[in-house]
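**Student:** mind folding the following:
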Amino acid sequence: MNYVIAGLQLSLLGTLLVSGIGKIRAPRDSRVMVEEVLGRTAPGLRRYAPIGAGALIGAELVTAIALMPGLPFRGLGFAAALLLFSAFTGVAVHSSRSRMKIVCACFGRAAFPLGVRHAVRNALLTALAAGGLALVLTTGSGTGELAGLALAAAFAIIFTVVITFLDDIVSLVSE
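**Tutor:** Here you go, the predicted model:
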């Protein structure tokens, strides 16, 4: 088993799971964020923000499920994560370059406007998804040892916590 793939799977799975559940817990913030994005890209679709927010949550959760180790869809999971994180990166870049910032409800709570740190974070997640997809397409799978899987899981937990609380960490450090 490729422990790098396992670590990437679990890291992206954790990030998407926390994000999807966070959006479920803060449906108004998620709807407002989607409404702002639609209002800038396709103003006529703005009224479909509740459907868009639901679709976003569904896409995140289905992608997280596809990334679960042991399931046969990991290539599809990495490809879906690549598409999602690429779109998130584009939105963050647009917001960081715009005068009117989109408030990030990335993990449910809307607290910070999307800016450069979000673009960098999402670009990192996009790169991890691309790397995972490339590894899945070029390497085989085998059996893994418990120690390697535990190390991959520990990395994924730390990674997910840092990514999830990045805004809070930056605020804490910058004060």
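
**Student:** how far away is residue 139 from residue 3?
**Tutor:** Distance, residue 139 to residue 3, using CB to CB, to the nearest Å: 11 Å. For glycine as for every other residue, the C-beta is placed from the backbone atoms N, C-alpha and C.

**Student:** settle it for me: which of those two has more neighbours?
**Tutor:** residue 3 (17 against 12; other CB atoms under 10 Å).

**Student:** got a list of what that one touches?
**Tutor:** Taking CB atoms under 8 Å, 6 or more residues apart in numbering, we find residue 3 in contact with 144, 148, 149, 151, 152.

**Student:** of those residues, which is the most crowded?
**Tutor:** Busiest of those [other CB under 10 Å] is residue 152, holding 23 neighbours.

**Student:** what helix or strand is that residue on?
**Tutor:** Element membership for residue 152 (DSSP states H and E) is helix 146-164.

**Student:** can you pull out the helices in the protein?
**Tutor:** 3-25, 27-41, 49-66, 74-97, 116-138, 146-164, 166-174 (DSSP state H).

**Student:** out of those, which is closest to residue 104?
**Tutor:** For residue 104, the closest of these is helix 116-138, at 6.0 Å, according to CB to CB.

**Student:** ok and that closest one relative to helix 166-174, angle-wise?
**Tutor:** Calculated by axes from the mean of the first three to the mean of the last three CA atoms, to 10 degrees, helix 116-138 forms an angle of 130 degrees with helix 166-174.

**Student:** and the contacts of helix 116-138?
**Tutor:** 2, 4-5, 8-9, 11-12, 15, 74-75, 78-79, 81-82, 84-86, 88-89, 92-93, 95-96, 104, 106, 112, 163, 166-167, 170.

**Student:** then stretch 42-49?
**Tutor:** 31, 32, 34, 35, 38, 39, 52.
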